[in-house]
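Peer 1: no sequence on hand, only this structure:
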Ligand code: AMP
Ligand code: MG
């Protein structure tokens, strides 16, 4: 098969995304499945080198409910996510508000990417991003020459930052990840992004 040419994206911003999903101590109860309940966004501006304030888009789940365990992890409650929008509306808002198809997007690990892909497929919703995704956990490990890939909290530490906001809330996680990106680019230069553009 002929390799597809790489999609060209604008390089003036990187859209950092972090999702929260329904979860349980073990497997989902019968009839339920993992589902996105929050999409957090912080846009890293390559010119000013700053992340935008966190944005949280709450999503009302349709095939699962928020367990006590999930609330204790994320602080998200069923009552709160019931005020959220549909997954389709959340994806539409991403495109309308952040022009998500124009830029590369980044997340910590591949979980967020996999969840978006599978949920778009499952619910017949158009994938809201460009074809450019950066697994920042991998990029970070390479930039810092770490053998082991670290969690976001440890990465903040390594970058000399302290957590802002609430860990395991999408908006705050996205913002903190974008802050780490700022430190990595400052320390290692923009070339660490070369293979991702
Ligand atoms: P995070 O971005 O680290 O807050 O995690 C994203 C999602 O992964 C959470 O909303 C949960 O659905 C799931 N998750 C994260 N940590 C755990 C955990 N310790 N146990 C079960 N699920 C988790
Ligand atoms: Mg998170």
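Peer 2: Thanks, I have it. This structure is a prediction, so every number in the text was calculated from the model and none was measured. Ligands and ions are numbered 1, 2, ... in the order given.

Peer 1: quick check on the closest residue to ligand 2 within the chain: phi, psi?
Peer 2: Here the chain gets closest to ligand 2 at one residue, residue 173, 3.5 Å apart by Cβ to the ion. Glycine gets a C-beta too; all of them are placed from N, C-alpha and C. Torsion angles at residue 173 (phi, psi; degrees, to the nearest 10) stand at phi -60, psi -50.

Peer 1: helix, strand or coil for the residue nearest to it when sequence neighbours are not counted?
Peer 2: Counting by Cβ to Cβ, 6 or more residues apart in numbering, residue 18 is the residue found nearest to residue 173 once chain neighbours are left out, at 3.8 Å. Residue 18 falls in the strand class when you classify it by DSSP: H, G, I helix; E, B strand; the rest coil.

Peer 1: next one: residue 18 from residue 41, what distance?
Peer 2: Separation of residue 18 from residue 41 (Cβ to Cβ, to the nearest Å): 8 Å.

Peer 1: okay, these two: which has more neighbours?
Peer 2: Summary of the neighbour comparison: residue 18 and residue 41, criterion other Cβ atoms under 10 Å, with residue 18 having more neighbours (29 against 26).

Peer 1: tell me how many other residues surround residue 125.
Peer 2: Taking other Cβ under 10 Å as the neighbour definition, residue 125 ends up with a count of 17.

Peer 1: now it: closest residue in space, sequence neighbours ignored.
Peer 2: residue 88 (4.7 Å).

Peer 1: ok, residue 67 next?
Peer 2: Computed as Cβ to Cβ, 6+ apart, the closest residue to residue 67 that is not its neighbour in sequence is residue 24, at 5.1 Å.

Peer 1: in this structure that neighbour contacts residue 68, no?
Peer 2: No: here residue 24 lies out of contact with residue 68, judged by Cβ atoms under 8 Å, at a distance of 9.4 Å.
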